[in-house]
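Visitor: Just the structure for this:
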Amino acid sequence: MHLKQLVIVLGCVGTFGCGTDASDVSIATHRQALSAHVEPIGLSLFFSNGQMAPVHLIGDAPRFLQEMDIVESVPSATDSGIQPLIDGGTTAALNWHGVTQVEEVWVPAFDGTFTRERYYREAKWMEVPSTFTVVAVDARGHAVGSHLVAHAGSDDVRKKSDDDFVRRFVARQVAVGCASVGDCTAATFRAEALIQLRDALTPEKDARNVPRAATALQVSFSQLPGKVYSVELVHQSAGSDGPGYGFQVQLEPSSAPANGAYYVPGEQVSFRVTFRDGQGQRLFPPGQLPTYAEFVSGQVESGLRYLDVALATRLYYSLKHRESNVLAVLSGPVHKLKTPQTVVDPNLLFLPQAPFATPGVDGYTAVAQTVPAAGIVFGGLSDPSLWSTPVSDVLTFTVPADAEPGTYLAAIKARRDFGGEALNRGATVEIQVGQAQATTFSPKTRCTSCHQERTSFDTILHGISDRRACFGCHSSLGIEFDNVLDIRVHTIHDRSDRFGADVMRCSNCHSSAPTGPARGLLP
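Guide: Numbers count the residues shown, from 1 in each chain. Prediction:
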């Protein structure tokens, strides 16, 4: 497949232009920023049917494009695939020649129905070189400030000249309320075009300043001539009172084992999670986190995100990086960690802790809980008063009765969206169960041979470099079967034409030959 070359331009382009003098100022401003060693800040933009909430820029740090997501959605009364995108609305101007359905996914819902998702690729607009232009404009609509260019390269080959790691242009049809697999006669339908770019590779090189005179950003996509996506800007001075940019997650035990050395099966262990900005300032007072009601009403000014139940995410294809599910897991012993075989009953997610792996099935223990609890998040859909339930920053697990001795790992992941910057970050911490002697994890894959620097795991995905955390979190869920680790990894690398190796050659990633067939690969 051949995706387009992508260019991001912020500043002196467009109808009004800036001329030679403005260009000189642009270069000088960029050099001044570099000479002052100001840390650049990522910019996250998300347009849904042309709409986006205002972006509040704090201070004058240079910006680079970290996330760009554009979703165009068209409802349909009939089961017509993505034809509504082709026939009408904004996306009718796209070149759909060559578009092909590549995958169909059925997802069970809590109400007993199913959602069918069909994914499409290879349309001409998804393949040919393209350009995004992001222009900072003042109140008169005049372009102001410097410009930024980011080259995304093609879909087939990721090159050193590419400025972003992930680029996915796809379309899908979603059928909600299917009575059973294969029966969507009573469903509601919508078709969506998804244009996604993220994970800047050279932020220091690409970063530019957004002048305070700018009142909006205007985004153009070269495959949609004449269409402009606009988001309002609000500038705020950087102060010492409120939180700043960056995101740090800290997880530490808040209890101690009764015997002073290690926890035993049946004993409770508690951890305190602390969220901070990049300078170490707490986002919340000790002892409490925002309620889900505060999150859904937009009152969490520090930017911590909880699970967005209205956002239809899907592995590889759709907005998974924006899901924002705060999940904590205790798993171990770490020397027995491997891809779990357990399929988690969705009803178990409403327990104080859900079993994600068991010694009898998987050879080790993993128990998980969400923040806020799943009962609050989903129960509030029918009883909104539950969303006002206080949320503690202390997470308590009960060590299962069949937990085997060794070193255990507690892990948590979260997302913060603040001042135009969005970051996924997490943390891990060890405890001992059943014995004081530590045990050691031995990795069987070579992820870090490719994932380095700006593509390392402490920067992309959940922002967690401790690979031990992957196993306990990624068990197969009855409502999300591809959550299991091997399917997840295979799915991403198999669907991506930017993976520069043969996905069928196991030795590219595995240090020893895996047992069993590779799951998650397309036929």
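
Visitor: How is Thr274 assigned, secondary-structure-wise?
Guide: What DSSP: H, G, I helix; E, B strand; the rest coil gives for Thr274 is strand.

Visitor: Tell me the secondary structure at the residue most central in space within the chain.
Guide: By C-alpha atoms, centre = their mean, the chain has its centre lying nearest to His321, at 1.2 Å. Following three-state DSSP, the label given to His321 is helix.

Visitor: From Asp417, how far off is it?
Guide: Relative to Asp417, His321 is positioned 11 Å away (C-beta to C-beta, to the nearest Å). Heads up, the C-betas are built off the backbone N, CA and C, glycines and all.

Visitor: same deal with Pro443?
Guide: 32 Å.

Visitor: try Pro359
Guide: Here the criterion is C-beta to C-beta. By it, Pro359 lies 38 Å from Asp417.

Visitor: Also Ser324?
Guide: 8 Å.

Visitor: Show me whatever sits in contact with both of those two.
Guide: Arg305 (C-beta atoms under 8 Å, 6 or more residues apart in numbering).

Visitor: Mean pLDDT per element in this protein, and the minimum belongs to which helix or strand?
Guide: helix 19-35 (a mean of 38; mean pLDDT, DSSP states H and E).

Visitor: Buried residues of whichever helix or strand comes after that one, list them for me.
Guide: Next in sequence after helix 19-35, counting helices and strands by DSSP states H and E, comes strand 41-48. By neighbour count on 16 or more other C-beta atoms under 10 Å, the buried set for strand 41-48 is Ile41, Gly42, Leu43, Ser44, Leu45, Phe46, Phe47.

Visitor: okay, those residues in TSV with pLDDT and distance to Tyr263 next?
Guide: Below are these laid out as TSV (pLDDT from 0 to 100; distance: C-beta to C-beta, whole Å):
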residue	pLDDT	distance to Tyr263
Ile41	96	41
Gly42	95	39
Leu43	95	44
Ser44	97	39
Leu45	96	45
Phe46	97	42
Phe47	97	48
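
Visitor: Nearest to Gly244 among these?
Guide: Gly244 lies nearest to Ile41 out of those, by C-beta to C-beta, at 9.7 Å.

Visitor: That closest one against Arg63, yeah?
Guide: Yes - counting by C-beta atoms under 8 Å, Arg63 is a contact partner of Ile41 at 5.7 Å.

Visitor: what is in contact with those two at once?
Guide: By C-beta under 8 Å, 6+ apart, Ile41 and Arg63 have these common neighbours: Ala207, Gly420.

Visitor: pretty sure Phe64 contacts Pro40?
Guide: Yes - counting by C-beta under 8 Å, Pro40 is a contact partner of Phe64 at 5.3 Å.

Visitor: got any ranges where the stretch 201-350 of the chain has weak pLDDT?
Guide: 240 (pLDDT under 70).

Visitor: Where do the helices of it begin and end?
Guide: 203-206, 292-296 (DSSP state H, counting those that start in this stretch).

Visitor: Among the ones you listed, which comes closest to Val105?
Guide: Counting by C-beta to C-beta, Val105 lies closest to helix 292-296 out of the helices of the stretch 201-350 of the chain; the figure is 26.8 Å.

Visitor: Distance from the chain centre to that closest one, please.
Guide: 20 Å (C-alpha atoms, centre = their mean, to the nearest Å).

Visitor: Let me know the closest of the buried residues of strand 41-48 to Cys506.
Guide: Compare each of the buried residues of strand 41-48 with Cys506 using C-beta to C-beta and the shortest gap goes to Gly42, at 34.7 Å.

Visitor: which ones are touching the closest one?
Guide: Arg63, Phe64, Leu65, Gln66, Glu67, Ala200, Pro203, Glu421, Ala422, Leu423.
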